[in-house]
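Novice: Provide a 3D model corresponding to the input given below.
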Amino acid sequence: MSGKSSHGYSKEPIYSIWREMNRRCYSPKSNNYHKYGALGIKVCDEWKRDCDGGKDGFINFLKWSQESGYEQGLTIDRKNPYDDYSPENCRWATYEEQNTHLTINNKNTSGYVGVSWCDHRGQVGWRSRIKVNKKEIILGVFQTKREALEVRNNYIINNNLPHKIQEYIGENGYCKETYEKVFVTQ
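Specialist: Okay, here's the model as predicted:
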């Protein structure tokens with residue numbers, strides 16, 4: 001779709017969300033392409049831009065959005081961050097909710113979000129931490145991954161946070177293939 005559109009939404013936030021979702025998946029020049037398109041994340045055919053092989057992508061996305069609780073200020077969120085953008089895998093969420101179930105970055109050796117190895121200033125063990133309102137909270141350093149994970153899960157529950165609870169599934173933790181097994185729906 002070009003800047004001039006027949007649908008009349010090109011200056012609306014919902015259009016920007018749709019456009020940026022497609023850009024980060026299909027445009028290597030996009031700032032976030034390396035986190036999406038380069039990793040194989042796609043947009044379903046129903047929501048694709050015409051230039052990427054879709055048909056009526058924005059209109060279909062708009063209809064889904066209206067039926068799925070879109071309000072200005074919410075962000076498009078993939079329920080499983082390893083799967084594509086599609087009606088089955090997406091929801092509308094606040095920015096804080098969206099950032100509570102991130103993928104494991106390549107520096108994480110624990111296999112669990114918020115649990116990492118620490119050997120710093122006399123502290124040696126598995127550090128448990130969480131981000132709340134863009135502020136990192138260190139919950140402690142523990143002898144095992146399981147302990148660190150349990151402390152983090154309890155902190156989430158006790159403070160009624162939107163973060164997802166992670167089930168301990170062993171020393172390796174989770175990856176793309178085990179994501180659904182680890183994250184417990186609250």
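Novice: Roughly how far does the closest residue to Gly173 other than its chain neighbours sit from Pro13?
Specialist: Nearest residue to Gly173 in three dimensions, chain neighbours excluded: Gly111, at 1.5 Å (C-beta to C-beta, 6 or more residues apart in numbering). To be clear about C-beta, it is placed using only N, CA and C from the backbone, and glycine gets the same treatment. Distance check for Gly111 against Pro13: by C-beta to C-beta, to the nearest Å, it reads 36 Å.
Novice: Give the residue from these two that has the larger number of neighbours.
Specialist: Between Gly111 and Pro13, counting by other C-beta atoms under 10 Å, Gly111 is the more crowded of the two (20 against 12).
Novice: Return the residues in contact with the residue nearest to Tyr26 when sequence neighbours are not counted.
Specialist: Nearest residue to Tyr26, sequence neighbours excluded (C-beta to C-beta, 6+ apart): Asp52, at 4.9 Å. By C-beta atoms under 8 Å, 6 or more residues apart in numbering, Asp52 lies in contact with 22, 26, 43.
Novice: just checking, which of those belong to helices?
Specialist: Judged by DSSP state H, helices contain the following of the contacts of Asp52: 22, 26.
Novice: Let me have the contacts of Asp52 in CSV, extended by pLDDT, distance to Asn133 and neighbour count.
Specialist: Compiled in CSV, these are given as follows (pLDDT from 0 to 100; distance: C-beta to C-beta, whole Å; neighbours: other C-beta atoms under 10 Å):
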residue, pLDDT, distance to Asn133, neighbour count
Asn22, 96, 30, 26
Tyr26, 96, 33, 18
Val43, 97, 30, 26
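Novice: quick one, longest strand in this structure?
Specialist: strand 123-132 (DSSP state E).
Novice: Give the other helices and strands that the helix or strand just after it contacts.
Specialist: As assigned by DSSP states H and E, the chain's next helix or strand after strand 123-132 is strand 135-142. Packed against strand 135-142, as judged by 3 or more C-beta pairs under 8 Å, 6 or more residues apart in numbering; DSSP states H and E, are the following elements: strand 123-132, helix 145-158.
Novice: Out of the ones you listed, which gets the lowest mean score?
Specialist: Note on the helices and strands packed on strand 135-142: lowest mean pLDDT is at strand 123-132, with a mean of 91.
Novice: Check what contacts that one and list those residues.
Specialist: Contacts of strand 123-132 (C-beta under 8 Å, 6+ apart): 99, 110, 114-118, 136-145, 147-149, 151-152, 155-156, 159, 161, 163.
Novice: Filter those residues down to just the buried residues.
Specialist: 110, 114-116, 118, 139-142, 145, 147-149, 151-152, 155-156, 161, 163 (16 or more other C-beta atoms under 10 Å).
Novice: Great, nothing more from me.
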